[in-house]
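>>> can't give you the sequence, but here's the structure:
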């Protein structure tokens, strides 16, 4: 029970440091101050870190073991978030890099940990894991502006408060970190061959592994692009900053419902292709609504978006578990899919902002996201065809 609670509290933190920035992005631009280009870089850094630092995870696991490493990521995440309290641009960007790197390693660890510690309850734990991601994002995006207003001290202090859940996760995970110490073979994931890169190289030649990777990258691109820019899109259409932050938070409620149910629906291979198609249809409808009538029917678009994104991230992470015969393969596939996928996803926040800047509107940026859905559909259908557990 304590193992599951610690794992889920850690998962709760894996979107907070990112989701808390979007609602106060305008305040950061004015208060730092930052140029539009620097703001785009700030929103892109975490996703770049998710990709780049993911590939360092196997070497870190070899040295620390999975359980100790997860505890270390929570401590570093808290330090990175607190670093943004310092009134300098360097501290803002450095703290963002530290937080992003910590989350990147934890992202890769989670599927392997679930496959290792909850092999017979993987569908339930994947559902709870992805639900925790959405709850964390909901709390951060919905409460950051109210916290800023309540504190009356500014955006830095509001963002710094999200270090507290990370430090709490570190403290709760300490017993697990002490109980699982290297060099126990069972705690070293990937296995010895995988540590040397053999499994990752083998997977890099596997069509199903690349389908999982492309699906992970495309759905993440859409998610992080809108996580960064939905508040700005709605504010540009006349909505207040507080209400725009709430709408982003609201979308996570249908999101975590979909993320909780999807792994159970996809336990049978026959249910996976319809689930993939549903994610594309739901997200496509939400994109169209946000492009042409963002404010009048905002709640409808947020429900559709939340359902689509929740099901998509749940499928992406579940494919890693479903397409892997054991924990070593799950860890290797997690490294490939999340490392490469998040590097692709990093194009989302920066690209959407750049297209918006060029077109001075949101119709073309949303159409570009719609085009990405075609690749998401193709990759998801290919991954769904794999004969996996």
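Thanks, I have it. In this text, all values refer to a predicted model and were calculated from it rather than measured experimentally.
>>> What values do phi and psi take at residue 294?
Reported as degrees, to the nearest 10, the phi and psi values for residue 294 are phi -70, psi -40.
>>> nearest residue to it other than its sequence neighbours?
Distances taken as CB to CB, 6 or more residues apart in numbering put residue 237 closest to residue 294, at 4.7 Å, once the chain neighbours are dropped. Every C-beta, even on glycine, is put in place using the N, C-alpha and C of the backbone.
>>> thought the one you found was touching residue 293?
No. Counting by CB atoms under 8 Å, residue 237 does not reach residue 293; the two are 9.0 Å apart.
>>> show me the contacts for residue 146.
Shown in contact with residue 146 (CB atoms under 8 Å, 6 or more residues apart in numbering): residue 242.
>>> That one is in what secondary structure piece?
Element membership for residue 146 (DSSP states H and E) is helix 122-151.
>>> Tell me the helix or strand right after that helix.
Following helix 122-151 in sequence order, the next helix or strand is helix 155-160 (DSSP H and E).
>>> buried stuff in that following helix?
155-156, 158-160 (16 or more other CB atoms under 10 Å).
>>> ok, residues contacting that helix?
Against helix 155-160 from outside (CB under 8 Å, 6+ apart): 20-21, 24, 27-28, 31, 81-82, 84-85, 87, 144-145, 147-148, 151.
>>> rerun at 10 Å
With contact meaning CB atoms under 10 Å, 6 or more residues apart in numbering, helix 155-160 is reached by 16-17, 20-21, 23-28, 30-32, 78, 81-87, 91-92, 95-96, 140, 143-151, 153.
>>> Please check those and keep the buried ones.
For these, a burial check counting by 16+ other CB under 10 Å picks out 16-17, 20-21, 23-28, 32, 78, 81-84, 92, 95-96, 140, 143-145, 147-148.
>>> By mean pLDDT, point me to the weakest helix or strand of the protein.
None of the helices or strands of the chain scores lower by mean pLDDT, DSSP states H and E than helix 192-195, at a mean of 43.
>>> Next, residue 324: secondary structure please.
Of the three states, residue 324 takes coil according to DSSP: H, G, I helix; E, B strand; the rest coil.
>>> That one: neighbour count?
24 (other CB atoms under 10 Å).
>>> Retrieve the pLDDT associated with the spatially closest residue to it that is not a sequence neighbour.
In this structure, residue 324 finds its nearest non-sequential neighbour in residue 330, 3.7 Å apart by CB to CB, 6+ apart. Residue 330 is assigned a pLDDT of 80 by the prediction.
>>> and what of residue 196?
Confidence score, pLDDT, at residue 196: 41.
>>> mind checking how far stretch 1-14 is from the chain centre?
In terms of CA atoms, centre = their mean, to the nearest Å, the centre of stretch 1-14 is found 15 Å from the chain centre.
>>> Give me the average confidence score over that stretch.
89.
>>> buried ones in that stretch?
Across stretch 1-14, burial judged by 16+ other CB under 10 Å covers 3-4, 6-14.
>>> JSON lines for those residues, including secondary structure?
Formatted as JSON lines, these follow (three-state DSSP):
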{"residue": "3", "secondary structure": "helix"}
{"residue": "4", "secondary structure": "helix"}
{"residue": "6", "secondary structure": "helix"}
{"residue": "7", "secondary structure": "helix"}
{"residue": "8", "secondary structure": "helix"}
{"residue": "9", "secondary structure": "helix"}
{"residue": "10", "secondary structure": "helix"}
{"residue": "11", "secondary structure": "helix"}
{"residue": "12", "secondary structure": "helix"}
{"residue": "13", "secondary structure": "coil"}
{"residue": "14", "secondary structure": "coil"}
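>>> what about the strands in this structure?
Using DSSP state E, the chain contains no strands.
>>> Sketch out the low-pLDDT regions of it for me.
Residues of the chain meeting the criterion pLDDT under 70: 36, 178-201, 387-389.
>>> show me what contacts residue 323?
203, 206, 208-209, 211-212, 329-330, 333, 337, 383, 386-389.
>>> Over to residue 336?
Contacts for residue 336 (CB under 10 Å, 6+ apart) come out as 54-55, 108, 199-201, 203-204, 206, 209-210, 212-213, 216, 320.
>>> Kindly report the same for residue 341.
Counting by CB under 10 Å, 6+ apart, residue 341 touches 47, 50-51, 54, 107, 212-221, 316.
>>> with these in mind, which one is nearest to residue 346?
residue 47 (4.1 Å; CB to CB).
>>> And that closest one, how far from residue 92?
Distance, residue 47 to residue 92, using CB to CB, to the nearest Å: 17 Å.
>>> picking up where we left off before, quick check, nearest of the contacts of residue 323 to residue 245?
Relative to residue 245, and with distances defined as CB to CB, the nearest of these is residue 337, at 30.4 Å.
>>> number of nearby residues for the closest one?
31.
>>> do you know how far it is from residue 316?
Per CB to CB, residue 337 is found 7 Å from residue 316.
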